[in-house]
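A.B. asks: just need the structure, nothing else, for what follows:
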Amino acid sequence: MAALVGNPLDLAHGLSSYRDADTIASTLDNPTMHIHFSDLVACGTVLDMEVMSVDLHNPKLQMSGRHCNITSQEQSGVGVIARYSCEPNHVHLLQTCTADEIHVLVTMAKGLIKIGNFRAHMTSWGYNSVDAVFEISITRAETEDWSHIGFTMDAVRKRLEGDTDIQWGRKWSAPATTRVGFLLTVCGNPAVANSFPHSLLTEWPDSARHFVARHAWQLISQRVGFIESPPDLCASLNSKRVVTNHYKLAKNWGAEHGGVRGWSMSTGAEFVRKVSDCWNAAGQTEQVPILAELHKLIEKGHLSVKWEKEYNANLDRNNDNSQEFRAQADSLCWLQCMMLDTWIARRIDLLILKDTDEAAVPVDFFTANKYAAMAISDTDRAKGRTTGWKKSRCRFTKYYLARLAEGISWEDGQVGVSCMSPNGGIGAAGWDGMPVGEPEDWATLDAVLSLRAVLIATRFELMYNTDVFLELQRFDPMIQMA
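C.D. replies: As a prediction, the model looks like this:
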């Protein structure tokens, strides 16, 4: 197992040293090694196993996957022993991943999300910490284009604290819009992930998200409308290796880091180019792109884990004898979020800069290729191939989060203005007085961002539940393996 994962976690102690044969228990054929629970669970995660049961104080663990498993059992004369077994000669998906992608997969399983160019635990992100990090980015960025900024973790670590931390002086400690919803509007969309601690989403439950999805859908339909994708788009994108059905949903194309992409951290020009080859339009549309498979589902607010289980089960039954590709639920959520990000990115640039150098899905092939070529030209190589910071996106985020956190004075007091707020907002009136743009533009962007947040939350809940990592932060025992 250590060989399969390339031993990236320094997980085994004394693997290279010899053991006196007399010290090996007579009931075992090989010497045991000691490993921390957190490292063992991380290894199981990258091998695409789900935690079935765990007891940290006994200690016991059972993880299962399609091609391998980890089980613990009482061994006479030794104690509790964990054993790893796998299907012979199976090529595990992790062997196709880069080191950065595996790092993202493990940190996601532990509850870390990426915002801008920083990754931190979800409990460390809040309105204040996001505002502080983006403020630093604005002051240090030298141009309006995508750029890398020389941050050190020490410079921002003290800022990465939740909104209840004493350093914020109770500012935004009781925001008018859910913190989790806001974080999911701006965080990265990982292409390589299979696990997440579900309890980190309880602040924004499934029932609340159903209302948000329906409300956002209505507002978007009234203002700019939707444009539905061709029914064979997913199959076409799969044939061009843009998206798959594995936990590595996309190859290493475009501006990404460890498979993470997003409107706040990178250009989507290469994605738009790839999609335009399969979904061509007469020109740049202003409507919001929606996958045919998710159209009615989102409209009715039925995006949920229950839907995912039924959808994937039906997919497995019907695909037994079929060679046609059909995207699984996780792939659909990732792809839909990527499409929304292209629309969001373009609209933000137009709102803040009155101009844009990015197209949105769907668009004509010529325009898509023009912007993709600009993104990887010799003078703009960093913009096209890496994640970073862009001033217009940073300014928008600061304006947006302040209004979400504070709400607006309305009739009997302060009320939330977002589709994600408890009351669903108050329409365009809630966006009066923004530093730039028209209230209607902000209301429309908020509706699309809210829809994005619902998709991200649903996708995280579709993954394996790794709440065990939250317990392991407090107590991380050792266990023997043989």
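
A.B. asks: low-confidence ranges, the stretch 301-450 of the chain, go.
C.D. replies: The stretch 301-450 of the chain contains residues with pLDDT under 70 at 318-323, 377-387.

A.B. asks: show me where it has its helices.
C.D. replies: All helices of the stretch 301-450 of the chain, identified by DSSP state H, counting those that start in this stretch, fall at 305-318, 329-353, 365-375, 381-385, 391-406, 439-462.

A.B. asks: Serialize the ones you listed to TSV and add fields for distance to Glu256 and mean neighbour count.
C.D. replies: No exception for glycine: its C-beta is placed from N, CA and C like everyone else's. As requested, the helices of the stretch 301-450 of the chain are arranged in TSV below (distance: least, Cβ to Cβ, whole Å; neighbours: other Cβ atoms under 10 Å):
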stretch	distance to Glu256	mean neighbour count
helix 305-318	25	13
helix 329-353	11	23
helix 365-375	12	18
helix 381-385	9	17
helix 391-406	16	21
helix 439-462	16	23
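
A.B. asks: closest to Ser124 out of these?
C.D. replies: helix 391-406 (15.6 Å; Cβ to Cβ).

A.B. asks: and that closest one, what does it pack onto?
C.D. replies: If you count contacts as 3 or more Cβ pairs under 8 Å, 6 or more residues apart in numbering; DSSP states H and E, helix 391-406 packs onto helix 127-140, helix 179-186, helix 329-353, helix 439-462.

A.B. asks: one more pass at 6 Å, please.
C.D. replies: Contact partners of helix 391-406 among helices and strands, from 3 or more Cβ pairs under 6 Å, 6 or more residues apart in numbering; DSSP states H and E: helix 127-140, helix 329-353.

A.B. asks: of those, which is nearest Ala405?
C.D. replies: helix 127-140 (4.4 Å).

A.B. asks: report all helices and strands that that closest one contacts.
C.D. replies: So helix 127-140, by 3+ Cβ pairs under 6 Å, 6+ apart, packs with helix 391-406.

A.B. asks: off-centre distance for the helix it packs on?
C.D. replies: Taking the mean of its C-alpha atoms, helix 391-406 sits 20 Å from the chain's own mean (Cα atoms, centre = their mean, to the nearest Å).

A.B. asks: quick one, which of the helices and strands packed on helix 391-406 gets closest to Arg209.
C.D. replies: helix 329-353 (12.5 Å).

A.B. asks: in stretch 132-143, which residues are buried?
C.D. replies: 132-134, 136-137, 141 (16 or more other Cβ atoms under 10 Å).

A.B. asks: actually stretch 84-104, not the one I wrote
C.D. replies: 84, 92-94, 97, 101-104.

A.B. asks: those residues in strands, which ones?
C.D. replies: Tyr84 (DSSP state E).

A.B. asks: related to what we said a few turns ago, export the helices of the stretch 301-450 of the chain to JSON lines and tack on distance to Arg209?
C.D. replies: Converted to JSON lines, these look like this (distance: least, Cβ to Cβ, whole Å):
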{"stretch": "helix 305-318", "distance to Arg209": "11"}
{"stretch": "helix 329-353", "distance to Arg209": "12"}
{"stretch": "helix 365-375", "distance to Arg209": "32"}
{"stretch": "helix 381-385", "distance to Arg209": "34"}
{"stretch": "helix 391-406", "distance to Arg209": "16"}
{"stretch": "helix 439-462", "distance to Arg209": "5"}
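
A.B. asks: save the buried residues of stretch 132-143 as JSON lines, and put in distance to Val436 and pLDDT too.
C.D. replies: Output for those, formatted as JSON lines (distance: Cβ to Cβ, whole Å; pLDDT from 0 to 100):
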{"residue": "Ala132", "distance to Val436": "21", "pLDDT": "93"}
{"residue": "Val133", "distance to Val436": "21", "pLDDT": "92"}
{"residue": "Phe134", "distance to Val436": "16", "pLDDT": "93"}
{"residue": "Ile136", "distance to Val436": "21", "pLDDT": "89"}
{"residue": "Ser137", "distance to Val436": "18", "pLDDT": "89"}
{"residue": "Ala141", "distance to Val436": "18", "pLDDT": "84"}
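
A.B. asks: where in the stretch 101-250 of the chain is pLDDT low?
C.D. replies: Residues of the stretch 101-250 of the chain that meet the cut-off, pLDDT under 70, sit at 150-155.

A.B. asks: mind running it again at 80?
C.D. replies: 148-158 (pLDDT under 80).

A.B. asks: what ranges do the strands span in it?
C.D. replies: 112-115, 118-121, 189-190, 195-196, 226-228 (DSSP state E, counting those that start in this stretch).

A.B. asks: run through who's touching the third one.
C.D. replies: The one in question is strand 189-190. Residues outside strand 189-190 that contact it (Cβ atoms under 6 Å, 6 or more residues apart in numbering) are 104, 259-262, 337.

A.B. asks: let's see which of the residues you listed end up in helices.
C.D. replies: Mapping the contacts of strand 189-190 onto helices (DSSP state H) picks out 104, 337.

A.B. asks: let me have the contacts of strand 189-190 in a markdown table, extended by distance to Gly424.
C.D. replies: Below are those laid out as a markdown table (distance: Cβ to Cβ, whole Å):
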| residue | distance to Gly424 |
| --- | --- |
| Val104 | 34 |
| Gly259 | 34 |
| Val260 | 30 |
| Arg261 | 29 |
| Gly262 | 25 |
| Cys337 | 22 |
